[in-house]
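In: Predicted model and sequence follow; I will ask about them next.
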Amino acid sequence: MKIILYIIKKEFKQIFRNKGMLPIIFILPILQLVILSNAATYEIKNITFGYVDLDNTKTSRGLIEKFEASNYFNISNRFSSEKEASNNLLKGAIDAYIYIPNYFERDLQKHKINSVGVYVDAIDGAAAGVINVYITQIIQNYSRTITADFIQVSDAVQKPNIVDSIPLFWYNQTLNYKTFMVPGILVLLVTMITLFLSGMNIVREKEIGTLEQINVTPIKKHQFIIGKLFPFWVIGMGLLTIGLILAKIIFNVPFVGNLVLLYGYTSVYILVVLGMGLFISNFTDTQQQAMFIAWFFIVIFILMSGLFTPIESMPQWAQWLTEFNPIRYFVEIIRMLMLKGSGFMDILPLALKTLAYAVVMNALAVWSYKKTI
Amino acid sequence: MGITLDKISKSYGKIKALSNISFNVKPGELFGLIGPDGAGKTTLFRILTTLLIPDEGVATVAGYDLVKDYKNIRNNVGYMPGKFSLYQDLTIEENLHFFATIFGTTVEENYQIIKDIYVQIEPFKHRRAGKLSGGMKQKLALSCALIHKPKVLFLDEPTTGVDPVSRKEFWEMLKRLQQTGITILVSTPYMDEAALCDRIALIQHGKILEIDSPKMIVKHYPKPLYNVKAHNMYLLINSLNHYEHKHSVYPFGEFIHYTDSRKDFNPDDLKNYLEHENLFHVEIETTTPTIEDTFMELAK
């Protein structure tokens, strides 16, 4: 025990003496949290929008006004023909345009039905989908108001039966992307920093030759490993704390769940990451190699974690692969805890999987750590 | 309580690093392993310090079997690797305490053993190891290797890259350490240091060439050895190398060490030949062979 404590003390001394490392550990994650959380949003604003209005009536102008009133759209231009609008779309000058045909108002009054053309630049499919939804919403709302205007007394008898759906967004009522993203990005930070640091740490001792000296001492494997990794466990928990405070102060992300549960889960989760770090450092000889391997895994883990793209939309084999992705579990759990207020029994299945992962990963790491060369 | 090796072999893939190494180091002996770079010295050290497992052969260190009792060996040996391998970002004092702690002891408990060496660097004990001079690093490394009172001390090329004054000091320290009864196995590529050992083993290409005391090894030199000198060193070497009866020609400081292949060699014959080759001030005299001469002869 005394030996473990001494190694921990030594590690902390070394971490705090490493002037290049300190800012990487504490400043960069904060910057990342602030920048990424603000930048990583699915909301699409400032859509450059154009229109072709061949009708030139009160009704068609009313529709355009609705677009002008929305803060999602920047009305750039009125085009005289569809060809001109289409050329501008091709050049990338506008993101979308609507086409209002001749006799739009007249036909609408006559037949109670009419259509406008919506054209969206769909190179970025996700963005195009969102733009389409915004445009459709505006047109639908507008059509509801004008339909009411056109309904005449005689028609009142045959009132149309419209089934209206009113969405209620639970757990994130305002559909605030930051509320959704900040917990996930917090997971990234904790994972990245602890994986990189622990992965490079033992390799570093290999590189500078101290490991050879340590290996001829009677020190036990577990003493050395615990002593080496415990400081990074502490750092991981510290990062989570800093991140949670920032999430509250800067982004005002709600925390409706149980804080103790989150810390309890994180303490197990970090063990998985540290086990991976140790495993990587056992199979590499230089910090560079360790860094590359850690990056490789981190990138895959992040992209397949459900943080940016929903796991449900991945192909079946990819969904199956995400079962091996620790970040996925943490992202899911931190969102459950912070936004949904899930309890112990709710997170238990995921937490158990994480625990099993931690046991397997660390067993592999300890087994592959050899005191001989 | 010393070291015994019996037919130790180790290969890295197809490269045979050590083949059939057998020798004994007596308890309390200062034993030198002398050989050029790549001779297998470091591999042998790593085997004896339980970092590597030999392919064949058995060995004991401090009376413990290399494979079965490796844990006991680790408690009883001190190892100073060739490359400086202490924590550069920890101070002298912290390094020392660290190694004392992982050996389950304290600096105070064993201060007596390292006192002699440690007092020299103690004034700088709050300085980080990375900021020390080569000689001081080496003293610190030796202190760390000794702090748990080992029975056997392994020093892998401790003086490589160290200035001559520090080298001399270092060997004086080793001699004093030996007085305390510690068995010391030291490797070095410097032949002059070999003379300071009780016994030495000459090693090359993973094989032991000769084992004996430095004095005896020199006596094994098979031929009379001559110092040859002339006005032009380069011309002299070329001429000697072209001499039909030469056995060996090695430059050695201001002289050329020369041996002849004939039993009834007369130095005057050589002198005549050299003067014939337009060399002036030719001097030829017998000299006593050194360990280096012996090594060159054996390695031939």
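Out: Received it, and whenever you're ready, just let me know what you need.
In: which stretches of the stretch 51-200 of chain B form helices?
Out: For the stretch 51-200 of chain B, applying DSSP state H, counting those that start in this stretch gives helices covering B:70-76, B:92-102, B:111-121, B:134-146, B:164-179, B:191-194.
In: center of chain A - which residue?
Out: Nearest residue to the geometric centre of chain A (Cα atoms, centre = their mean): residue A:307, 3.5 Å.
In: give me every residue that touches it.
Out: Residues in contact with residue A:307 (Cβ atoms under 8 Å, 6 or more residues apart in numbering or on different chains) are A:181, A:184-185, A:187-188, A:327, A:331. Where you see a C-beta, it was placed from the backbone N, CA and C, and this is true even at glycine.
In: Would you map out the domains in the chain?
Out: Using chain A here. A:6-40+A:174-368, A:47-158 (automatic domain parsing).
In: Chain B, not that one
Out: B:3-219, B:225-299.
In: Point out the one among the ones you listed that comes closest to chain A.
Out: Nearest to chain A, of all the domains of chain B, is domain B:3-219, at 3.3 Å by Cβ to the nearest Cβ.
In: and that closest one with chain A, contact?
Out: Yes - Domain B:3-219 lies within reach of chain A by Cβ under 8 Å from any Cβ of the partner chain, at B:46, B:49-53, B:71, B:74-75, B:77, B:79, B:81, B:83-90, B:94, B:97-99, B:101-104, B:128, B:144, B:148.
In: Quick one: buried ones out of these?
Out: B:46, B:49-52, B:74-75, B:77, B:79, B:81, B:83-90, B:94, B:97-99, B:101-103, B:128, B:144, B:148 (16 or more other Cβ atoms under 10 Å in any protein chain shown).
In: which non-adjacent residue is nearest the residue of chain A found nearest chain B?
Out: Residue nearest to chain B within chain A: residue A:209 (3.3 Å; Cβ to the nearest Cβ). Spatial nearest neighbour of residue A:209, chain neighbours left out: residue B:85 (3.3 Å); criterion: Cβ to Cβ, 6 or more residues apart in numbering or on different chains.
In: rewinding a little: need phi/psi at the residue of chain A closest to chain B.
Out: With angles defined as degrees, to the nearest 10, residue A:209 sits at phi 90, psi 0.
In: what's the burial count for it?
Out: Close neighbours of residue A:209, defined as other Cβ atoms under 10 Å in any protein chain shown, add up to 15.
In: Let me see the contact set for it.
Out: Contacts of residue A:209 (Cβ under 8 Å, 6+ apart): B:81, B:83-85.
In: residues in the stretch 101-250 of chain A within reach of chain B, list them.
Out: Residues of the stretch 101-250 of chain A lying near chain B by Cβ under 8 Å from any Cβ: A:208-210, A:212-219, A:223.
In: where do the strands sit along chain B?
Out: Using DSSP state E, the strands of chain B run over B:3-12, B:15-25, B:30-34, B:56-61, B:64-65, B:77-80, B:152-156, B:183-188, B:199-204, B:207-212, B:225-229, B:246-252, B:255-260, B:283-287.
In: possible to save those strands as JSON lines with distance to residue A:229 and mean pLDDT?
Out: Output for these, formatted as JSON lines (distance: least, Cβ to Cβ, whole Å; pLDDT from 0 to 100):
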{"stretch": "strand B:3-12", "distance to residue A:229": "31", "mean pLDDT": "92"}
{"stretch": "strand B:15-25", "distance to residue A:229": "34", "mean pLDDT": "91"}
{"stretch": "strand B:30-34", "distance to residue A:229": "38", "mean pLDDT": "92"}
{"stretch": "strand B:56-61", "distance to residue A:229": "31", "mean pLDDT": "92"}
{"stretch": "strand B:64-65", "distance to residue A:229": "31", "mean pLDDT": "92"}
{"stretch": "strand B:77-80", "distance to residue A:229": "25", "mean pLDDT": "92"}
{"stretch": "strand B:152-156", "distance to residue A:229": "30", "mean pLDDT": "93"}
{"stretch": "strand B:183-188", "distance to residue A:229": "35", "mean pLDDT": "93"}
{"stretch": "strand B:199-204", "distance to residue A:229": "40", "mean pLDDT": "91"}
{"stretch": "strand B:207-212", "distance to residue A:229": "43", "mean pLDDT": "90"}
{"stretch": "strand B:225-229", "distance to residue A:229": "61", "mean pLDDT": "89"}
{"stretch": "strand B:246-252", "distance to residue A:229": "55", "mean pLDDT": "89"}
{"stretch": "strand B:255-260", "distance to residue A:229": "58", "mean pLDDT": "90"}
{"stretch": "strand B:283-287", "distance to residue A:229": "62", "mean pLDDT": "88"}
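In: Spell out for me which residue occupies the centre of chain B.
Out: A centroid search over chain B (Cα atoms, centre = their mean) returns residue B:188, at 2.4 Å, as the residue closest to the centre.
In: For that one, list each beta-bridge partner.
Out: Bridge pairing for residue B:188 (DSSP bridges) gives the partners residue B:34.
In: in the helix or strand residue A:135 falls within, what counts as buried?
Out: Using DSSP states H and E, residue A:135 falls within helix A:125-150. Neighbour counts using 16+ other Cβ under 10 Å place A:127-128, A:130-131, A:134-135, A:138-139, A:142, A:146 of helix A:125-150 among the buried residues.
In: And for stretch B:272-289?
Out: The neighbour-count check on stretch B:272-289 (16+ other Cβ under 10 Å) flags B:273-274, B:277, B:279, B:282, B:284, B:289 as buried.
In: Give me the three-state assignment for the closest residue to residue A:291 other than its chain neighbours.
Out: In this structure, residue A:291 finds its nearest non-sequential neighbour in residue A:200, 6.4 Å apart by Cβ to Cβ, 6+ apart. Recorded secondary structure, residue A:200: helix (DSSP: H, G, I helix; E, B strand; the rest coil).
In: picking that back up, so what's the residue nearest to the centre of chain B up against?
Out: Contacts of residue B:188 by Cβ under 8 Å, 6+ apart are B:32-34, B:157-160, B:194.
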